[in-house]
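Asks: below are the sequence and a predicted model; questions follow.
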Amino acid sequence: MKRSTKKSVLISLSCIVVILAVVLLFIFLQPTIQPVLTSENELDVYQEDSVDMKPIIMPETEPNRQPDEEPETTETLEEPTQPETTRIYEVDGVTYISLEGVEVLLVNKVYALPPNFGGPNEEATAALNRMFAVAAEDGISLYIVSGYRSYDTQASIYNRYVADWGQEYTDTVSARPGHSEHQTGLTFDINSLSNSFKNTDEYAWLQQHAAEYGFIMRYLEGSEWATGYSFEPWHYRYIADSQLATNIMESKLSLEEYAGLVTERPEPEIDE
Ligand SMILES: [Zn+2]
């Protein structure tokens with residue numbers, strides 16, 4: 001064998017040894033470079049489908065607490081030094097959030113209502129009628145397309161949609177039974193069930209005045225990621241407090257975003 005051939009065989013052999021060592025090292029280290037993104041906590045079980053809705057605070061159970069009652073305070077009156085965070089709690093299977101001192105019932109893709117909960121709501125209906133009367137004076141004709149719906153009615157609507165369109169699409173436009181705000185009696189679809197409603201004077205009037213009567217729009221354009229629903233310019237929810245309603249409407253955020261109940265909007269993925 002020539003000297004140069006011997007040398008190149010030696011070089012080739014050392015190369016093979018080095019490559020083998022690198023491959024073995026890589027295989028050996030593999031388990032330690034697994035992604036650390038495991039499930040963050042048990043709240044993940046509330047997540048549905050692709051909608052990234054993660055309550056940031058665990059619901060605490062407060063039995064015997066009604067939403068419109070003042071919280072019982074045993075402590076002396078002290079100004080809070082920190083801004084209040086949204087408190088989320090449950091009473092008899094119904095979820096509420098305490099938002100800027102107002103107790104707001106919460107129903108969405110995450111939080112459901114018990115099947116027997118709800119019914120037409122007198123206070124909300126009265127507020128709606130006051131709003132409709134003032135709108136009429138402004139030459140704006142408003143009327144209810146859909147108000148209170150029972151659990152069973154919602155179940156049959158949802159199941160019919162699923163049969164016609166499949167579950168994935170249905171979930172973006174219709175609530176699963178127990179998850180509809182209409183079951184509370186606090187929610188009304190006004191005038192139309194078409195997106196073109198947003199181009200009407202009636203919609204503009206509602207955007208300007210609904211909060212004065214304690215109503216907010218629930219499913220905003222651009223908030224689909226937070227609510228799980230498509231834009232519904234007709235769907236208004238009574239939360240009673242006109243100041244809070246005004247704050248929410250002026251924020252141009254959904255209730256979930258305003259209350260900080262959802263994690264930050266994911267950055268859109270960019271194809272390179
Ligand atoms: Zn609706």
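Replies: Looks like it came in fine.

Asks: what is the neighbour count of F197?
Replies: 18 (other Cβ atoms under 10 Å). Yep, even glycine has a C-beta here, placed from its N, CA and C like the rest.

Asks: separation between it and the ion?
Replies: 12 Å (Cβ to the ion, to the nearest Å).

Asks: could you do N159 as well?
Replies: 17 Å.

Asks: now S98, which residues is it bridged with?
Replies: R87, E103 (DSSP bridges).

Asks: burial of it, as a residue count?
Replies: Residues near S98, counting by other Cβ under 10 Å, number 17.

Asks: pull out the buried residues from stretch 161-179.
Replies: 161-162, 170-171, 174-179 (16 or more other Cβ atoms under 10 Å).

Asks: in contact with the nearest residue in space to N116 that is not next to it in sequence, which residues are there?
Replies: Distances taken as Cβ to Cβ, 6 or more residues apart in numbering put Y151 closest to N116, at 7.4 Å, once the chain neighbours are dropped. Listed by Cβ atoms under 8 Å, 6 or more residues apart in numbering, the contact set of Y151 reads 113, 115-118, 177-178, 183.

Asks: could you tell me which ranges of the stretch 1-150 of the chain sit under the pLDDT cut-off?
Replies: Within the stretch 1-150 of the chain, the segments meeting pLDDT under 70 span 1-6, 8-85.

Asks: nearest to the ion: which residue in it?
Replies: Residue nearest to the ion within the stretch 1-150 of the chain: S146 (5.9 Å; Cβ to the ion).

Asks: the chain too?
Replies: Counting by Cβ to the ion, the chain gets nearest the ion through H235, at 3.7 Å.

Asks: thought that residue was touching S192?
Replies: No: counting by Cβ atoms under 8 Å, H235 does not reach S192; the two are 10.5 Å apart.
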